[in-house]
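Participant: Mind folding the following:
(chains A and B)
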Amino acid sequence: MDTTQLLKGVLDLAVLAVLKEEDGYGYDILRRLRAAGLGDVGDASVYGTLRRLFQAGCLTAYVVPSEEGPHRKYYALNEIGRDQLQRSGKVWRTFASTMDTLLADRGMVA
Amino acid sequence: MNEVADYVAQVRTALADLPPAIRDELLDDLPEHLAEVAAEGEGSLTERLGPPTAYAAELRAAAGAPAGRGRMPAMDARLHDVVVQARARLQAADAKTGPLIGYEKTSDFLRLLRPAWWVLRGYLAAMAVAYLLSNGPIGLLPRFEMGDSTVAGVVALVLFVIVSIWLGRRGSRLPRVPRLVLWAGIALLMLPAAVSLFEADEDAVREPYQGVSETYNDVGSVYVYDEQGRPLVNARVFDQFGNLVQPGVWWCPNEGGGMTTEVFPTCANPQPVNWQPAYVPPPPARGIPQSPSPAPEPTASPEPAPAPTGTPQPSATPTPAPTATG
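Facilitator: Next up, the predicted model:
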């Protein structure tokens, strides 16, 4: 199964989760997602997801000037974002464990 | 930096079909973001992020924007939008104007008129074909130069109408290309037919020369003579505005003793009806200046002739033509 198809559904959750530990700018968030094992995630997907979450009011943004290189736009979770992360996280855990059980019962392991 | 601007521009083009507000919102931060990306690694943006079109497609999907129309270029997309909008407006107008004539939609009513249109179309096509084949003057019936032209015309008219009705019944079942060819052909035939119809209409309502006062309402033609009473051949009469005076109906005596419609002054033998050779018109009642006429064609009648009209009015009546005030 193509991971990118799966990612579409849970990228919101992944980005929110990554931002829970620390604020981040676009490329930094992408790097952290990849470091966490989501190697297939594309830059445009992360950028688009950030724009959408920001539009939906889940994120706040602030610009950090940089002496060397371009200014960076940092994104941070706000109340709505944290709330969304809580609910989506719960849905995902339930869904994932259901799928785990379903597959484990039929002798499949990761 | 140029590389980033370039890349952003190409992404923007690929998203050209999105509503401008959504597209601008999506691309708002892209230059800054790509600058970060560019600053943090090796290689060109295209090498690291893939082609701008692919980036745009991924961005579109991730941001939840409506799916693109494949590889439709921006221009086509804009045209497509115009067509879609025009169609929507037409449909709205269709539904809105229908109740005015007691129908749900105006198109419902127009659909009822289709057989009438087929008949009219057959008539117009017959007229157009007759016109193209004969080059003659066109009347209200198609005329063909063979046998009894009226009978041939009526037979052709009936045949054209039958074919048109048959095509109308069959037309919607034709495949797309023959149907388009049929429509184009019909449009081509309609053009000369419509033009000749308007011409015929114009002829029907055309009024005789308007510049002449009521005294001359019945004047069908004007003949110009010199002082000795000799007709001036090929003379033309102009009014004070320099317009050629051409009374409404032009009759010329023909060889058989009858009359033929002609356009003055093109009568072969420019003699008035009941021409009396002995008649010498009296000198002009008032002095008419000998200055050259202001008429556009000075050769026609350099001296504004006393110009008595023909016999219908034997008294020397100067034409209202070239006067000193001109």
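
Participant: Could I get the phi/psi values of residue A:60?
Facilitator: Comment: the main-chain dihedrals of residue A:60 come out as phi -110, psi 160, following degrees, to the nearest 10.

Participant: Let me see the confidence value for it.
Facilitator: In the prediction, the pLDDT value recorded for residue A:60 is 92.

Participant: ok, and what's touching the host helix or strand of residue B:8?
Facilitator: Residue B:8 is part of helix B:2-14, with elements assigned from DSSP states H and E. Counting by Cβ atoms under 8 Å, 6 or more residues apart in numbering or on different chains, helix B:2-14 makes contact with B:23, B:27, B:30-31, B:34-35, B:38, B:44-46, B:49, B:52-53, B:55-57, B:59, B:68, B:74, all of which sit outside it. Just so you know, the C-beta spots here come from the backbone N, C-alpha and C atoms, and that holds for glycine as well.

Participant: do the same with stretch B:116-129
Facilitator: Residues contacting stretch B:116-129 (Cβ under 8 Å, 6+ apart): B:138, B:142, B:153, B:156-157, B:159-165, B:167-168, B:186, B:189-194, B:196-197.

Participant: Give me the mean pLDDT for that stretch.
Facilitator: Stretch B:116-129 shows a mean pLDDT of 86.

Participant: Buried residues of that stretch, list them for me.
Facilitator: When neighbours are counted by 16 or more other Cβ atoms under 10 Å in any protein chain shown, the buried residues of stretch B:116-129 are found to be B:118, B:121-129.

Participant: for stretch A:29-39, same thing?
Facilitator: Residues of stretch A:29-39 classed as buried: A:29-30, A:32-33, A:38 (neighbour count, 16+ other Cβ under 10 Å).

Participant: will you turn the residues you listed into a markdown table that also has distance to chain B, secondary structure and pLDDT?
Facilitator: Compiled in a markdown table, these are given as follows (distance: Cβ to the nearest Cβ, whole Å; DSSP: H, G, I helix; E, B strand; the rest coil; pLDDT from 0 to 100):
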| residue | distance to chain B | secondary structure | pLDDT |
| --- | --- | --- | --- |
| A:29 | 10 | helix | 91 |
| A:30 | 8 | helix | 90 |
| A:32 | 13 | helix | 92 |
| A:33 | 13 | helix | 91 |
| A:38 | 13 | coil | 86 |
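
Participant: quick one, longest helix in chain A?
Facilitator: The single longest helix within chain A, with elements called by DSSP state H, is helix A:79-104.

Participant: from the chain's centre, how far out does that one sit?
Facilitator: Helix A:79-104 has its C-alpha centroid displaced from the chain centroid by 13 Å (Cα atoms, centre = their mean, to the nearest Å).

Participant: Quick check: buried residues in it?
Facilitator: Residues of helix A:79-104 classed as buried by neighbour count (16+ other Cβ under 10 Å): A:81, A:84-85, A:88.

Participant: quick revisit: with distance to residue B:83 added, can I get the buried residues of stretch B:116-129 in JSON lines?
Facilitator: As requested, the buried residues of stretch B:116-129 are arranged in JSON lines below (distance: Cβ to Cβ, whole Å):
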{"residue": "B:118", "distance to residue B:83": "28"}
{"residue": "B:121", "distance to residue B:83": "26"}
{"residue": "B:122", "distance to residue B:83": "31"}
{"residue": "B:123", "distance to residue B:83": "33"}
{"residue": "B:124", "distance to residue B:83": "29"}
{"residue": "B:125", "distance to residue B:83": "30"}
{"residue": "B:126", "distance to residue B:83": "35"}
{"residue": "B:127", "distance to residue B:83": "34"}
{"residue": "B:128", "distance to residue B:83": "31"}
{"residue": "B:129", "distance to residue B:83": "34"}
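
Participant: Going by distance to residue A:100, which of the residues you listed wins?
Facilitator: Nearest to residue A:100 out of these is residue B:118 (Cβ to Cβ; 70.3 Å).

Participant: Tell me the spacing between the closest one and residue B:235.
Facilitator: Relative to residue B:235, residue B:118 is positioned 54 Å away (Cβ to Cβ, to the nearest Å).

Participant: what about the closest residue to chain A within the stretch 151-300 of chain B, distance to residue B:35?
Facilitator: When Cβ to the nearest Cβ is the measure, the stretch 151-300 of chain B has its nearest residue to chain A at residue B:176, with 37.4 Å between them. When Cβ to Cβ is applied, the distance between residue B:176 and residue B:35 equals 50 Å.
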